[in-house]
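>>> mind folding the following:
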Amino acid sequence: MLWIAGFDIIYGTQDIDFDRRHGLWSIPSFFGLENALRIAKGLHFIMIMLLLFLYLWRDLGWMYLVGIGIATLLLMTEHKIIKPSNRKLMKVASYNLNQVISIVILLCTLIDFFYVS
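Predicted coordinates for the structure are as follows:
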């Protein structure tokens, strides 16, 4: 939920002008572009912390951690390439990278659960 909310906020920054013109109360239109990106970053940080907590709580293995590590690097890349001054990369950051993140987490978790642990 936190992950999806974060990348949806990033994706929604593309519509900030439209949202403001039409009185829509999106996070980017209400809080502004830079604060919306900070909120998205915070949501992604909490997501990673919860996934690490899950690692400890469920006694998952090293492959799960590899997946979380890769996902963390991809999220960091996502937040690195998005800039308030260049909104053209928002779609790549919020959509394309997140497709890879979801597959990485799924595959590494399944491999850890069925083959490594």
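>>> and the strands in the chain?
When assigned using DSSP state E, the chain turns out to have no strands.
>>> low-confidence stretches in it?
87, 117 (pLDDT under 70).
>>> for it, which helix is longest?
Looking across the chain with DSSP state H, the single longest helix is helix 33-57.
>>> buried stuff in that one?
Of the residues in helix 33-57, 33, 36-37, 39-41, 43-44, 47-48, 51, 55 count as buried by neighbour count, 16 or more other CB atoms under 10 Å. Quick note: C-beta positions are derived from backbone N, CA and C, even for glycine.
>>> now do it: distance to the chain's middle.
Relative to the chain's own centre, helix 33-57 is displaced by 8 Å; criterion: CA atoms, centre = their mean, to the nearest Å.
>>> so that it lines up with my notes, have the first residue be 26 from now on.
Yep, numbering from 26; the last one is helix 58-82 now.
>>> just the helices from the chain, written as ranges.
Under DSSP H, the chain gives helices at 27-37, 41-46, 52-56, 58-82, 87-106, 115-116, 122-136.
>>> run through the neighbouring helices and strands of the first one.
Applying 3 or more CB pairs under 8 Å, 6 or more residues apart in numbering; DSSP states H and E, we find helix 27-37 packed against helix 52-56, helix 58-82, helix 115-116, helix 122-136.
>>> try it again at 10 Å.
helix 52-56, helix 58-82, helix 87-106, helix 115-116, helix 122-136 (3 or more CB pairs under 10 Å, 6 or more residues apart in numbering; DSSP states H and E).
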